[in-house]
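S.K.: Provided below are the primary sequence and the corresponding predicted coordinates.
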Amino acid sequence: MSRNKKNLKRHDAGRSQRGFTLIELLVVIAIIGLLASAIVPSLNASRAKSRDARRIMDMNQMGKALTLYYDANNAYPDSDMAGCGGWDTPGNGTFITALKTAGYIARDILDPTTNGTCGNYAYYRYPAGSYGCDASRGAFYVLGIRDMETSAGTYPGSQGWSCPSRDWQGEFEWVLGEFEK
């Protein structure tokens, strides 16, 4: 019996020097995989919320810049008509260039993810009376975000913009507009 105890002690001593068994390592890897699979979706959702917050900040900056431009020029800048469907978009590299040229914005305003031909941001200046809006209020602009990542449909906090025969909120998830008068 003492001989068996010696062999067991020798076997146990050898085992402790070898480290973890394959089963133990596989269990640890499985646990890490489960934790990672639980964390990644919440991380992606946080990133999407962050990009949407940046989009709103960009639009607020553009709205302020448009107001400053109007105060100095008594009109909002014309659309360049070069973007998707005549809208001024960042995808063509000339998104409301008048604001940058006049110094009201320091950098190009670009969506965090989407800046193709149609882009995700859009600006258009309409002549007075367009779509049945009151012509006495003058020309007006519409500034919008086509796709917010964290909402389907109208984004909470969108001011919306419509005239009697057109509602831009149906075209954008976030939109604002302003008359010149």
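M.R.: Nice, I can see it.

S.K.: in this structure, which ranges drop under the pLDDT threshold?
M.R.: Filtered on pLDDT under 70, the chain yields the residue ranges 1-18, 92-93, 117.

S.K.: So which residues of it form strands?
M.R.: For the chain, the strands defined by DSSP state E cover 121-126, 140-145, 162-163, 166-167, 174-179.

S.K.: mind saving the C-alpha coords of the last one as CSV?
M.R.: Right, strand 174-179. C-alpha atoms of strand 174-179 as CSV (Å, rounded to 0.1, in the frame of the first residue of the first chain):
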residue,chain,number,x,y,z
TRP,A,174,-34.9,63.7,-38.9
VAL,A,175,-35.7,67.0,-40.7
LEU,A,176,-36.0,70.7,-40.1
GLY,A,177,-36.8,73.7,-42.2
GLU,A,178,-37.0,77.5,-42.0
PHE,A,179,-38.6,80.3,-43.9
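
S.K.: outside of it, which residues touch it?
M.R.: 55-56, 59, 63, 66-67, 70, 76, 133-134, 137-145, 148, 154-155, 157-161, 168-169 (CB atoms under 8 Å, 6 or more residues apart in numbering). From N, CA and C alone the C-beta is placed, and that goes for glycine too.

S.K.: Note down every partner strand of it and its orientation.
M.R.: strand 140-145 (antiparallel) (DSSP bridges).

S.K.: what do you get for the third one?
M.R.: Counting by DSSP bridges, the strands paired with strand 162-163 are strand 166-167 (antiparallel).

S.K.: what distance separates the strand it pairs with from the middle of the whole chain?
M.R.: Chain-centre distance of strand 166-167: 24 Å, with CA atoms, centre = their mean, to the nearest Å.

S.K.: Would you check that Tyr123 makes contact with Thr94?
M.R.: No - counting by CB atoms under 8 Å, Tyr123 does not reach Thr94; the two are 10.6 Å apart.

S.K.: what residues do those two have in common as contacts?
M.R.: What both Tyr123 and Thr94 touch, as defined by CB under 8 Å, 6+ apart, is the set Asp88.

S.K.: Just the buried ones among the contacts of strand 174-179, please.
M.R.: 55, 59, 63, 66, 76, 133, 138-145, 148, 155, 158, 161, 168-169 (16 or more other CB atoms under 10 Å).

S.K.: Leaving out sequence neighbours, find the closest residue to Arg166.
M.R.: The shortest distance from Arg166 to any non-neighbouring residue, by CB to CB, 6 or more residues apart in numbering, is to Tyr131 (4.0 Å).

S.K.: The one you found: what's it in contact with?
M.R.: So Tyr131 contacts 163-166 (CB under 8 Å, 6+ apart).
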